[in-house]
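Trainee: Show me how the following folds:
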Amino acid sequence: MKRRLLLLIPLLLFAVLVVFLYRGLAKDPAARDSALLARDFPAFSLTTLGDPSRMLDRSLLEGQVTLVNVWGEWCPTCKQEMPQLLALADHGVRLVGVDYKDTRENGRRFLDEFGNPFEVSLFDPDGTLGFDLGVYGAPESFLVDADGVIRYHHTGYITPQDVDDVILPEVKKWQQ
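Mentor: Reported below is the predicted structural model:
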């Protein structure tokens, strides 16, 4: 009897492990909340993609609601997302890009090919701003209010449905 019980213990431990792994793998990683919600956008000092002598800092994000989009030429879903970002710009949403872990040449070529919805693109070749934002991949977007506080975080690709159902309502909510 004890022998059978001892044989069941590893089986029970394995079953418990399977349940925990299944629950973890079934979660949507894009559904995670940012730890930076309701906090100031991280301090930064970066050059722009277009002009390596032009330095910008967090004050760029003060004064009006801004959608900060982290992208890279190497990112296939960033290419798919670009029409939605262009549509948001057409709706009057202020967009600031962060060219993440890229080269200037590739970033410029990307914007020439797919369009440029950004008022300005920051150049983050080492990913320091991306790290401070907790970015684990591109694209990711952060809605920043007029006081420079992060109010919404969108992980992954912004779909056409997200433009109307999520992003534009969030922008309007924080413009008031």
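Trainee: quick one: the residue nearest to Val163 when sequence neighbours are not counted and Ile150, what's the gap?
Mentor: The shortest distance from Val163 to any non-neighbouring residue, by Cβ to Cβ, 6 or more residues apart in numbering, is to Gln84 (5.2 Å). Glycine gets a C-beta too; all of them are placed from N, C-alpha and C. Using Cβ to Cβ, to the nearest Å, one gets 20 Å for the distance from Gln84 to Ile150.
Trainee: Can you give me the buried ones in the helix or strand containing the residue nearest to Val163?
Mentor: Assigned by DSSP states H and E, Gln84 falls within helix 76-90. For helix 76-90, a neighbour-count test (16 or more other Cβ atoms under 10 Å) marks Cys78, Glu81, Met82, Gln84, Leu85, Ala87, Leu88, Ala89 as buried.
Trainee: need the contact list for the third one.
Mentor: Okay, so that is Met82. The contact partners of Met82, taken as Cβ atoms under 8 Å, 6 or more residues apart in numbering, are Phe114, Gly115, Pro117.
Trainee: again, but for the fifth one
Mentor: Residues in contact with Leu85, defined by Cβ under 8 Å, 6+ apart, are Asn69, Leu95, Pro117, Phe118, Ile158.
Trainee: now for the residues you listed, which pair is the farthest apart?
Mentor: Every pair in the contacts of Leu85 was compared (Cβ to Cβ); the two farthest apart turn out to be Phe118 and Ile158, at 13.8 Å.
Trainee: Show me what the helix or strand hosting Val68 is packed up against.
Mentor: Secondary structure here is read from DSSP H and E; on that basis Val68 sits in strand 66-71. The helices and strands touching strand 66-71, judged by 3 or more Cβ pairs under 8 Å, 6 or more residues apart in numbering; DSSP states H and E, are helix 76-90, strand 94-100, strand 140-144.
Trainee: And the helices in the protein?
Mentor: Taking DSSP state H as the criterion, the chain carries its helices at 2-26, 76-90, 104-114, 128-133, 160-162, 168-175.
Trainee: what's the spacing between the fourth one and its chain's center?
Mentor: What it means is helix 128-133. In terms of Cα atoms, centre = their mean, to the nearest Å, the centre of helix 128-133 is set 11 Å apart from its chain centre.
Trainee: Next, the buried residues of that helix.
Mentor: Leu129, Gly130, Leu133.
Trainee: thinking again about what came up before, dump the residue contacts of the residue nearest to Val163.
Mentor: Contact analysis of Gln84 by Cβ under 8 Å, 6+ apart lists Ile158, Thr159, Pro160, Asp162, Val163.
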